[in-house]
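Novice: Just to be clear, the model below is a prediction. Sequence and coordinates:
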Amino acid sequence: MNLRVHPEDRYQRKKKAWYFHESSWYMRHDKGYDGHGCNNGECIQECRYYPKLGRIEDEEVIQRHKEFEEGYRKRNALS
């Protein structure tokens, strides 16, 4: 994610990408569709992106970047 994007716009972009939500059946697909989870652009109530409006703040973007970077460093993918 980009820090130049407004927090509300970040949220809407992530909301539209429902197949990447942790509650999406695509992300829990080890046994196929189980009838529960975000699907076809509709989020379940337990999903972070269920509310119509929301924000992804800069701090969260920075923290996620640090986690990705650390993961790459552990696998020696970054020097």
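Specialist: Now that the structure is in, tell me what you want to look at. Residues are numbered from 1 along each chain as shown.
Novice: all contacts plus neighbour counts: C-alpha atoms, from now on.
Specialist: OK.
Novice: can you point me to the longest helix in this protein?
Specialist: helix 58-74 (DSSP state H).
Novice: Tabulate the CA atom coordinates of that helix in CSV.
Specialist: What follows is helix 58-74, C-alpha atoms only, in CSV (Å, rounded to 0.1, in the frame of the first residue of the first chain):
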residue,chain,number,x,y,z
ASP,A,58,-0.4,5.2,7.9
GLU,A,59,0.8,3.4,11.0
GLU,A,60,-0.8,0.2,9.9
VAL,A,61,0.7,0.4,6.4
ILE,A,62,4.2,1.0,7.9
GLN,A,63,3.8,-1.9,10.3
ARG,A,64,2.7,-4.2,7.5
HIS,A,65,5.7,-3.2,5.4
LYS,A,66,8.1,-3.8,8.4
GLU,A,67,6.5,-7.3,8.8
PHE,A,68,7.0,-8.1,5.1
GLU,A,69,10.6,-6.8,5.2
GLU,A,70,11.4,-8.9,8.2
GLY,A,71,10.0,-12.0,6.6
TYR,A,72,12.1,-11.4,3.5
ARG,A,73,15.2,-10.9,5.7
LYS,A,74,14.6,-14.2,7.5
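Novice: Go through that helix and flag the buried ones.
Specialist: For helix 58-74, the neighbour count (16 or more other C-alpha atoms under 10 Å) marks Asp58, Val61 as buried.
Novice: Centre of the chain to it, how far?
Specialist: Here helix 58-74 is found 13 Å from its chain centre; the criterion is C-alpha atoms, centre = their mean, to the nearest Å.
Novice: Report the mean confidence score over it.
Specialist: Taken as a whole, helix 58-74 carries a mean pLDDT of 92.
Novice: how close does the residue sitting nearest the centre point of the chain get to Arg4?
Specialist: By C-alpha atoms, centre = their mean, the chain has its centre lying nearest to His21, at 5.0 Å. Using C-alpha to C-alpha, to the nearest Å, we find His21 at a distance of 22 Å from Arg4.
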